[in-house]
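K.L.:
Sequence plus the predicted model coming up.
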Amino acid sequence: MAGKEKKSAKKYARMLFNVTGVETAERAMAELSIVNELMGASKEIRNFFISPLFDEDERRRTIEGLAERLGFCSEVKRFLVFIAQRKAVSALPDIIRHFMNIYFEKKRKAKATVVTPFRFDGEYEERLVASLRKLTGRDVDVEYVYDPELIGGIVVKVGSTMYDSSLKGQLRLLKEELIKG
C-alpha cells in the first residue's frame, strides 16, 4: 500500500465518523467490513475498485448499485464512491481500524482480543471482562479467538498492549533469559 493512502486512512476514517456519528457508526463498520471481506475473497472485486480499466462514472454506478442491493446506508455508499475516486480503496482495512478506534474512544470503550486454548464458560468470561474493565477503566468489547496450539494460559491484547500469560509465552521469556545469562 502506498504511504500516502496509509496516511490518509486516519483522515478518511475521521471524515466518515463525522458523517455517521456514534449513532450509525456500528452499522457503518459492519458495512465497510463486508466490502473489505469481499475484496479479500475476490480478486475480481478488488481489481474492480483499483483497476484503471473502469472509468469513474462506471465505478460510481456499480458501487451505488451494489450498496443498494446490500442495503447499505447512504453515508457508506457515498464514502465508498469517495474513496474509489481518490484511489484509496486499498487503504480500507486501515480506515476501518482507525474508524473503530475513533468509535471506541467516543463510546469510552476498549476492544480486547482474547486468545485461549479452550472455550470459555460464562463465569470465567464474566470475571475476565470485569478484570479488563477494571484494568482499562472502560467498557470492554471482547473478541475471543480459539487457538488449541497455545497449550495453556491466555493472551489478551487491548489496544496496542499485549498481556501474555500463556505457557508458550512464559517458555519464550524463559528461553530469552537463559540465552542472555
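P.N.:
Now that the structure is in, tell me what you want to look at.
K.L.:
Residues touching the helix or strand containing residue 61, excluding its own?
P.N.:
Counting by DSSP states H and E, the element that carries residue 61 is helix 56-70. Contacting residues not belonging to helix 56-70 are listed as 31, 34, 48-49, 54, 76-77, 80-81, 84-85 [CB atoms under 8 Å, 6 or more residues apart in numbering]. Yep, even glycine has a C-beta here, placed from its N, CA and C like the rest.
K.L.:
List buried residues within those.
P.N.:
31, 48-49, 54, 76-77, 80-81, 84 (16 or more other CB atoms under 10 Å).
K.L.:
What ranges does this structure have for its strands?
P.N.:
Taking DSSP state E to define them, one finds strands in the chain at 109-116, 139-146, 155-158, 161-164.
K.L.:
separation between residue 82 and residue 8?
P.N.:
Distance, residue 82 to residue 8, using CB to CB, to the nearest Å: 11 Å.
K.L.:
The buried ones among the contacts of helix 56-70: which two are farthest apart?
P.N.:
Put simply, by CB to CB the two of those set farthest apart are 31 and 54, 21.4 Å from each other.
K.L.:
And for residue 99, the neighbour number?
P.N.:
Around residue 99 sit 25 other residues, with neighbours defined as other CB atoms under 10 Å.
K.L.:
Kindly apply the preceding question to residue 36 instead.
P.N.:
Other residues near residue 36 come to 15 when the count uses other CB under 10 Å.
K.L.:
How about residue 160?
P.N.:
Per other CB under 10 Å, the neighbour tally for residue 160 reads 5.
K.L.:
Phi and psi next, for it.
P.N.:
The main-chain torsion angles of residue 160 are listed as degrees, to the nearest 10 and equal phi -100, psi 10.
K.L.:
so can I have CSV of the strands of the chain showing distance to residue 179 and mean pLDDT?
P.N.:
Supplementary listing: the strands of the chain in CSV, determined by distance: least, CB to CB, whole Å; pLDDT from 0 to 100:
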stretch, distance to residue 179, mean pLDDT
strand 109-116, 25, 83
strand 139-146, 29, 84
strand 155-158, 22, 86
strand 161-164, 18, 83
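K.L.:
is it possible to export the ones you listed to TSV including mean neighbour count and distance to residue 71?
P.N.:
Converted to TSV, those look like this (neighbours: other CB atoms under 10 Å; distance: least, CB to CB, whole Å):
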stretch	mean neighbour count	distance to residue 71
strand 109-116	18	25
strand 139-146	14	24
strand 155-158	18	32
strand 161-164	14	37
